[in-house]
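Chemist: can't give you the sequence, but here's the structure:
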């Protein structure tokens, strides 16, 4: 009888350790998939000097969606020059909103997101309380 109890204790201990290992592996997988970004699209300005890069978390590859809802995922947009220099970026409620980027003579703008001024090296956006915030992203 004693051997039976020892055997059950060992089996229980092994299954608990296995479940803990599985649980921690799943947590790390979700964290990894949330942080790694997948490129959704690239949009070039008319001169070809700048690109808007739209990305979203890789985690969305594993979430179910109905047909036509692929662009309903949230993501981010960032603008780079041909040399790979970063000019600022922000989050998007839907990745499809990134297609609304408008190239201007001095930079780019995206309604409800922000404005880029390439010559000045600034990115401007509106804070939650409605104030315009200008960040110097390039010298």
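Modeler: Structure received. The shown structure was predicted, so the numbers you read here are calculated from the model rather than taken from an experiment.

Chemist: least confident secondary structure element in the protein?
Modeler: The element with the least model confidence among the helices and strands of the chain, by mean pLDDT, DSSP states H and E, is helix 2-35, at a mean of 69.

Chemist: where does the chain have low pLDDT?
Modeler: 1-14, 33, 70-71 (pLDDT under 70).

Chemist: where do the strands of it begin and end?
Modeler: For the chain, the strands identified by DSSP state E occupy 37-44, 50-57, 75-81, 86-92, 102-103, 107-110, 114-117, 122-126, 132-136, in order along the chain.

Chemist: residues contacting the fifth one, please?
Modeler: The contact list for strand 102-103 (Cβ atoms under 8 Å, 6 or more residues apart in numbering) reads 45, 46, 50, 108, 109, 110, 111. Heads up, the C-betas are built off the backbone N, CA and C, glycines and all.

Chemist: ok, it: who's next to it in the sheet?
Modeler: For strand 102-103, the paired strands and their directions (DSSP bridges) are strand 107-110 (antiparallel).

Chemist: check the offset of the strand it pairs with from the chain's centre.
Modeler: Its chain's C-alpha centre lies 20 Å from the corresponding centre of strand 107-110 when counted by Cα atoms, centre = their mean, to the nearest Å.

Chemist: can you put the strands of the chain in CSV and add distance to residue 24?
Modeler: As requested, the strands of the chain are exported to CSV (distance: least, Cβ to Cβ, whole Å):
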stretch, distance to residue 24
strand 37-44, 24
strand 50-57, 20
strand 75-81, 28
strand 86-92, 29
strand 102-103, 46
strand 107-110, 39
strand 114-117, 38
strand 122-126, 37
strand 132-136, 38
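
Chemist: tell me the contacts of residue 41?
Modeler: If a contact means Cβ under 8 Å, 6+ apart, then residue 41 has 53, 54, 95, 98, 99 as its contacts.

Chemist: excluding its backbone neighbours, what's nearest residue 116?
Modeler: Excluding its sequence neighbours, the residue lying closest to residue 116 (Cβ to Cβ, 6 or more residues apart in numbering) is residue 107, at 4.0 Å.

Chemist: over to residue 76?
Modeler: residue 91 (5.0 Å).

Chemist: same check on residue 111?
Modeler: The shortest distance from residue 111 to any residue that is not its chain neighbour, by Cβ to Cβ, 6+ apart, is 5.7 Å, and that residue is residue 100.
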